[in-house]
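> sequence-free structure coming up:
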């Protein structure tokens, strides 16, 4: 593929999950094949091929309430700086526009510098944190919460109905919904680390206690995407051994939609919102 080529954008199917996973693995992201299958089955995933090789992707994941999440913007190293990502994001925005959807995304600092001039408005900030556990579970996991309770709390915080997403997460092998003292979180597997989120609580102390209980019941690395405007929670995590890996800037393209009644402590992930 020459730099002057204008490669065709195609819509991908579930059969492309393994090829998508190659791209996210190259980027050292935590998505597994189940994540790709969810995007491909529930969303619109666009791609560009060079011959038989999938070299670039972007996904649009619709949510009820006229919202959609743009994510999985990936370009293999040999095909970067050719405008492929911009073309794919533009195609996602056009798809969202035709359906009357407000688009959201969580951008790295480099991504935010690109998306701002396209018309995206910054909203809240996130911090990706990682914890290396002791490798040996020191406690039993917290009590199990219900999917209905998680869905209800998630809708209060996001303003979206994400039943399909949360149900898919909860039904995966190894996933769990944990709760204690009116705090609640979902824990699921990833390619290299388990992910905690979304996470809700009435206060930072309850959120920190729940995350600590989860960590003591796990044996491998953990990831969590904390909301930066919950400073006591973020400070408590870093004070207990979590390290900040990178920031994300949440951004919106289109009119503001209904907001949640409360702020989460951690989100489902920058790819899911």
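Noted; the coordinates are in hand. Because the structure is predicted, anything quoted here is derived from the model rather than measured.
> can we go C-alpha only for contacts and neighbour counts from here?
Will do.
> which element is residue 166 on?
For residue 166, the host element (DSSP states H and E) is helix 163-171.
> so how far is that helix off the chain centroid?
Centroid separation between helix 163-171 and its chain, computed with CA atoms, centre = their mean, to the nearest Å, is 13 Å.
> Identify the residues contacting residue 21.
Applying CA atoms under 8 Å, 6 or more residues apart in numbering to residue 21 gives the contacts 31-33, 36.
> mind running it again at 7 Å?
32-33, 36 (CA atoms under 7 Å, 6 or more residues apart in numbering).
> quick one: which of those is most hemmed in?
residue 36 (24 neighbours; other CA atoms under 10 Å).
> List the backbone torsions phi and psi for that residue.
phi -60, psi -40 (degrees, to the nearest 10).
> check contacts around it.
Counted by CA under 7 Å, 6+ apart, residue 36 has contacts 17, 20-21.
> Can you pick out the ones from those residues that are in helices?
17, 20-21 (DSSP state H).
> which among those residues gets closest to residue 138?
Residue 138 lies nearest to residue 21 out of those, by CA to CA, at 32.8 Å.
> any idea how far that closest one lies from residue 54?
Counting by CA to CA, to the nearest Å, the gap from residue 21 to residue 54 is 10 Å.
> returning to that earlier point: so can I have TSV of the contacts of residue 21 showing pLDDT and distance to residue 87?
Converted to TSV, the contacts of residue 21 look like this (pLDDT from 0 to 100; distance: CA to CA, whole Å):
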residue	pLDDT	distance to residue 87
32	97	25
33	97	25
36	98	21
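> chain center to the strand or helix carrying residue 198: distance?
Residue 198 belongs to strand 194-200 when assigned by DSSP H and E. How far strand 194-200 lies from its chain's middle: 10 Å, per CA atoms, centre = their mean.
> One more: stretch 178-193?
For stretch 178-193 - counting by CA atoms, centre = their mean - the centre lies 14 Å from the chain centre.
> how about that stretch: buried residues?
Within stretch 178-193, the residues scored as buried using 16 or more other CA atoms under 10 Å are 178-180, 183-193.
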